[in-house]
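Chemist: below are the sequence and a predicted model for it; my questions follow.
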Amino acid sequence: MVILAMIKYTSSIAGISPLRLRGFFVGWSNKPSPRTHLLLLKNSGHLVLAVDEQMDKAVGFITAVSDGVLSAYIPLLEVLPEYQKMGIGQELVKRMLKKLKGMYMVDLLCDKRMQPFYMQFKMSKATGMMIRNRTMQSGRKR
Ligand SMILES: CC(C)(COP(=O)(O)OP(=O)(O)OC[C@H]1O[C@@H](n2cnc3c(N)ncnc32)[C@H](O)[C@@H]1OP(=O)(O)O)[C@@H](O)C(=O)NCCC(=O)NCCS
């Protein structure tokens with residue numbers, strides 16, 4: 001499918017309803033609902049959304065959490081499959097790194113296959129540790 005889209009980048013969730021957040025978390029077995037997605041965007045501290053204005057929906061997003069002094073962590077980056085390979089992912093990372101420019105540490109965890117993607121932003125390979133509580137993958141019950 002060829003999509004010729006006008007993509008707008010925004011750090012505001014004003015006007016973003018759960019209805020405009022459908023289709024994300026591809027491949028997750030127990031995915032957060034669009035409503036939970038909106039909540040995590042609200043709570044993230046830093047966020048960039050890619051919006052296809054014509055289709056009236058979000059097509060990509062990146063989040064970061066930070067202590068506002070030394071460190072920031074980028075937990076989530078995703079572009080909807082039909083919008084991938086158009087430069088949207090790169091633009092989201094570029095814009096987020098600009099927001100986090102004053103930080104000493106900017107970290108993220110990723111699969112090995114993703115390392116070349118992040119290396120184009122001068123990020124370096126590192127070793128990490130993590131906990132994944134699979135039963136909580138869709139978010140805390142509210
Ligand atoms: C990763 C992801 C956000 C990239 O988004 P995208 O909009 O397709 O990426 P872009 O079009 O901006 O950039 C792709 C570029 O990065 C390069 N690249 C390098 N390694 C890559 C990889 N493992 N995956 C995707 N692109 C990669 C591509 O070659 C391409 O470069 P080019 O334009 O010079 O050919 C998207 O594939 C995605 O949402 N994947 C599923 C979720 C995911 O894996 N998120 C990252 C978690 S760490």
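Modeler: Happy to help now that I have it. Numbering: from 1, shown residues only.
Chemist: in the chain, which residue sits closest to the ligand?
Modeler: The nearest approach of the chain to the ligand comes at Gly89, 2.3 Å away (C-beta to the nearest ligand atom). C-beta coordinates here come from the backbone N, C-alpha and C atoms, glycine included.
Chemist: from Leu77, how far off is that residue?
Modeler: 7 Å (C-beta to C-beta, to the nearest Å).
Chemist: then Gln84?
Modeler: Taken as C-beta to C-beta, the span from Gln84 to Leu77 is 12 Å.
Chemist: quick one on the thing from earlier: list the helices and strands whichever strand or helix holds the residue of the chain closest to the ligand packs on?
Modeler: In the assignment (DSSP states H and E), Gly89 maps to helix 88-99. When contacts are defined as 3 or more C-beta pairs under 8 Å, 6 or more residues apart in numbering; DSSP states H and E, helix 88-99 sits against strand 7-10, strand 46-52, strand 57-66, strand 71-79.
Chemist: at 10 Å what do you get?
Modeler: Judged by 3 or more C-beta pairs under 10 Å, 6 or more residues apart in numbering; DSSP states H and E, helix 88-99 is in contact with strand 7-10, strand 46-52, strand 57-66, strand 71-79, strand 105-107, helix 115-119.
Chemist: wait, which of the ones you listed is closest to Trp28?
Modeler: With distances scored as C-beta to C-beta, the stretch of the helices and strands packed on helix 88-99 nearest to Trp28 is strand 71-79 (9.9 Å).
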